[in-house]
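Colleague: please work out how this folds:
(one chain, ligands or ions: 1)
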Amino acid sequence: MVPLRPRPGILEIEPYVGGKAEVEGMANVIKLSANEAALGPSPKAMAALRAALPVVHRYPDGGARALRQAIGARFDLDPERIVCGSGSDELIQLLMRAYAGPGDEVLYSAHGFLMYKICALAIGASPVAAPERDLKTDVDAMLSLVTTRTRAVFVANPNNPTGSHLTPDELARLHAGLPDDVLLVIDAAYAEYIGGDDYTTGQELVLRAGNVVMTRTFSKQFGLAALRLGWLYAPAHVIDVLHRVRGPFNVSALAQTAGIAALEDHEHQERERANNDRWRPWLAGQLTGLGLTVHPSVANFVLVGFAGADGRSARAASSWLERQGVLARPMGAYGLPHCLRISVGREDENRAVVERLREFVA
Ligand SMILES: Cc1ncc(COP(=O)(O)O)c(C=O)c1O
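Modeller: Numbers count the residues shown, from 1 in each chain. Modelled structure (predicted):
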């Protein structure tokens, strides 16, 4: 009998392990392990979900027209150049499948979002990780690794888990150094938490170039991670390709309905953003005060370095926190075993994680 085998690359994949959500025997945990919205979903989105329940026997609008129009109106984009997906994870997979394949190379930075490597291996391509400088994407290192086999470059801006970002000039330089037939995907999952001239989602690059795509999500500031809703903005020819490869009903009706309502709930978005603006610097300051290394972050989390060799003390800190019902994210899978990533939570949660770590370092 011929043994059944998956295609080459698949068995090299380390399955993605999401942020822990439970501790056995504990009813209430503080979950700061997945960069979710600290203040929960928008009340308007919850009301819209309840109102939509009686029609869940109907298929959703496969083209997500109303949602695309709402996104377009909100971000001043042409709805025809938007595709929605089941989380931006799905869109990353679709882009990968459509533009790369066996024998091709997919480039990303060494501590970049894990799904780039996973998706590259899943399609049989070779993942290529460019070294970073000070835990930040190094444009020159990335460009030096582009070969004739490179088909796509993925950059999270800002990056998860490092929290660092490329400036508009750096992003433009990365794009300028790429051949026209290489796809540049700018993953702006945390864009809603950031402002100022020092940051761009890359949407202007999408408009003027033929090989740039920007991906976004409703899982972070919009607080809809469980519904799985992401979107991307791309040139017309990429949109055409994605409509050919995506599932016909890839975004559920509930996700579409909640997404529209969440977009309209400006008050809730403002609260979430203000919570992050207030508590991320506080968290960073307090943890630095404990003697820990806090890497500068513009997103809704901080990456915290522990001094112990081989990640021993980060692991110990993670177990200590867990025993007290506080969940942070160990970073071994990202090649940062000496770090924990801690999401910004509500005030009580932020105070709790600092107190537990104060006890730990003591
Ligand atoms: C940089 C980055 N991109 C994409 C995603 C995936 O988000 P989604 O929930 O939209 O699939 C995440 C989730 O943590 C992320 O950190």
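Colleague: got the residues of the stretch 201-350 of the chain near the ligand?
Modeller: 217, 219, 225, 230 (Cβ under 6 Å from any ligand atom). Using the backbone N, CA and C atoms, a C-beta is placed for each residue, glycine as well.
Colleague: narrow these to those that are buried.
Modeller: For those, a burial check counting by 16 or more other Cβ atoms under 10 Å picks out 217, 219, 225, 230.
Colleague: which pair of the residues you listed spans the longest distance?
Modeller: Greatest spacing in those, by Cβ to Cβ: 225 and 230 (10.4 Å).
Colleague: give me the residue from this protein nearest the ligand.
Modeller: residue 87 (2.8 Å; Cβ to the nearest ligand atom).
Colleague: from residue 251, how far out is that residue?
Modeller: 9 Å (Cβ to Cβ, to the nearest Å).
Colleague: residues shared between the contacts of the two?
Modeller: Residues touching both residue 87 and residue 251 by Cβ atoms under 8 Å, 6 or more residues apart in numbering: 228, 229.
Colleague: more crowded one of these two?
Modeller: Between residue 87 and residue 251, residue 251 has the larger neighbour count (other Cβ atoms under 10 Å), namely 27 against 23.
Colleague: for that one, which non-adjacent residue is spatially closest?
Modeller: Distance criterion Cβ to Cβ, 6 or more residues apart in numbering; nearest residue to residue 251, sequence neighbours excluded, is residue 84 at 4.8 Å.
Colleague: give me the distance between that neighbour and residue 34.
Modeller: For residue 84 relative to residue 34 (Cβ to Cβ), the value is 21 Å.
Colleague: next one: residue 79
Modeller: Counting by Cβ to Cβ - residue 79 and residue 34 are separated by 30 Å.
Colleague: quick one, helices of this structure?
Modeller: Taking DSSP state H as the test, the helices found in the chain are 43-52, 65-75, 87-99, 115-122, 139-144, 168-176, 203-208, 236-245, 253-264, 266-289, 312-323, 347-361.
Colleague: looking at residue 84 and residue 34 now, which is surrounded by more residues?
Modeller: Set residue 84 next to residue 34 and count neighbours by other Cβ under 10 Å: residue 84 wins out with 26 against 17.
Colleague: okay, residue 1: pLDDT?
Modeller: With respect to pLDDT, residue 1 scores 70.
Colleague: give me the common contacts of residue 225 and residue 230.
Modeller: Applying Cβ under 8 Å, 6+ apart, one finds that residue 225 and residue 230 are jointly contacted by 218, 219.
Colleague: what about the residue lying closest to the residue of the chain closest to the ligand once chain neighbours are set aside, how many neighbours?
Modeller: Taking Cβ to Cβ, 6+ apart, and ignoring the residues beside it in sequence, residue 87 has residue 228 as its nearest neighbour in space, at 4.3 Å. Residues contacting residue 228 under the criterion other Cβ under 10 Å number 20.
Colleague: please apply the same query to residue 288.
Modeller: If we define neighbours as other Cβ under 10 Å, then residue 288 has 13 of them.
Colleague: quick one: residues contacting it.
Modeller: So residue 288 contacts residue 294 (Cβ under 8 Å, 6+ apart).
Colleague: that one and residue 282: what is the separation?
Modeller: Taken as Cβ to Cβ, the span from residue 288 to residue 282 is 11 Å.
Colleague: before we move on, what about residue 17?
Modeller: Distance from residue 17 to residue 282, by Cβ to Cβ: 29 Å.
Colleague: more crowded one of those two?
Modeller: More neighbours surround residue 282 than the other of residue 17 and residue 282, with 14 against 11 (other Cβ under 10 Å).
Colleague: ok, the more buried one - contacts?
Modeller: Per Cβ under 8 Å, 6+ apart, neighbours of residue 282: residue 350.
Colleague: per-residue pLDDT, it?
Modeller: 98.
Colleague: then the one 3 residues further on?
Modeller: Residue 285 is assigned 98 on the pLDDT scale.
Colleague: what about it, neighbour count?
Modeller: Counted with other Cβ under 10 Å, residue 285 comes out at 11.
Colleague: mind checking how far residue 92 is from residue 5?
Modeller: From residue 92 to residue 5 the distance is 25 Å (Cβ to Cβ).
Colleague: wait, residue 274
Modeller: On the measure of Cβ to Cβ, residue 274 and residue 5 end up 52 Å apart.
Colleague: more neighbours: which of these two?
Modeller: With neighbours defined as other Cβ under 10 Å, residue 274 and residue 5 compare such that residue 274 has more, 11 against 8.
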